[in-house]
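K.L.:
Sequence below, structure please.
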Amino acid sequence: MMSNSFDSISVAILAGGLGTRLRPVVVDRPKVLALVDGVPFLSHILQQIARAKIDEAVLLVGHGAREVCSTFGNRKFGVNLRYSLETELLGTGGAVRLALPTTHRKTILLMNGDSYCHLDLRAFADYHFGHGGKVSLSLTWMDNASRYGRVALGPDDRMTGFAEKVTHPAPGWINAGVYLIERELFEILEPNRPISLERDLMPDWISKHAVFGFRGGEFIDIGVPESYAQASAFFRTIPGGKQG
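P.N.:
Next up is the predicted model:
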């Protein structure tokens, strides 16, 4: 499948979100299929991994699974696709645990299907294996991080926690939604139990394991109508972002 630092990595993309906050402007399709210049948002993520010479991925689907599967099929942009179907709400961590049988390597490159961070995935992998920790998290700088909550970093970009959200504009590094996580951390979880990667697992991992932040580039998520409205302009500004 892959070479060099990607030899031990399986790619998984969270693509089953309900998209409740986006429904005022996207009413006829799952959130990851929301159109940006006529192209489903998830297409941009698949193109990103294709540019990194990754040729297979697992889509973690739930809400709107049939539409996602029929849109992308078994292969898109040179990427072979498999699917892990969530029939009950398991949260982001539970969805990854459910998908383990469809992945085959010791490290999981986990991506959110409703956000995009412009970063070099190969450099991210080299960074992860270089520091020797079990978890790496992509970061992006925000002049106003109040909507997301800031990541607290210690020496050598090791994460120490998440800062409390503030009501006033404040700059900082935020979670950009791309992770490299050792498979063993998911294997020990109880199957079919709802669990949140962000709220449950990450705080535990920060306290028990080394979690490192990798500084990426421009970022957008389409979780709310305001940010979705900016997506078209966003992809025009990043290298390789304007794709058909």
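
K.L.:
Pairing partners for the longest strand anywhere in the chain, with directions?
P.N.:
Across the chain, the longest stretch assigned as strand under DSSP state E is strand 172-182. As defined by DSSP bridges, the strand partners of strand 172-182 come to strand 107-112 (antiparallel), strand 135-142 (antiparallel).

K.L.:
Ok, which of those comes nearest residue 23?
P.N.:
Nearest to residue 23, of all these, is strand 107-112, at 18.3 Å by Cβ to Cβ. Just so you know, the C-beta spots here come from the backbone N, C-alpha and C atoms, and that holds for glycine as well.

K.L.:
chain center to the closest one: distance?
P.N.:
Centroid displacement of strand 107-112 relative to its chain, using Cα atoms, centre = their mean, to the nearest Å, is 6 Å.

K.L.:
Other residues contacting that strand?
P.N.:
Residues from elsewhere that reach strand 107-112 (Cβ atoms under 8 Å, 6 or more residues apart in numbering): 8-14, 45, 49, 54, 96, 121, 125, 128, 177-183, 186, 197, 221.

K.L.:
So which elements touch whichever helix or strand comes after that strand?
P.N.:
With elements assigned by DSSP states H and E, the helix or strand that comes after strand 107-112 is strand 115-117. Under the contact definition 3 or more Cβ pairs under 8 Å, 6 or more residues apart in numbering; DSSP states H and E, strand 115-117 sits against helix 41-51, strand 172-182, strand 219-221.

K.L.:
Redo the ones you listed as JSON lines? Include mean neighbour count and mean pLDDT.
P.N.:
Shown next, in JSON lines, are those (neighbours: other Cβ atoms under 10 Å; pLDDT from 0 to 100):
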{"stretch": "helix 41-51", "mean neighbour count": "21", "mean pLDDT": "96"}
{"stretch": "strand 172-182", "mean neighbour count": "23", "mean pLDDT": "95"}
{"stretch": "strand 219-221", "mean neighbour count": "23", "mean pLDDT": "94"}
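
K.L.:
Can you add distance to residue 149 and give these back as a markdown table?
P.N.:
As requested, those are exported to a markdown table (distance: least, Cβ to Cβ, whole Å):
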| stretch | distance to residue 149 |
| --- | --- |
| helix 41-51 | 23 |
| strand 172-182 | 7 |
| strand 219-221 | 13 |
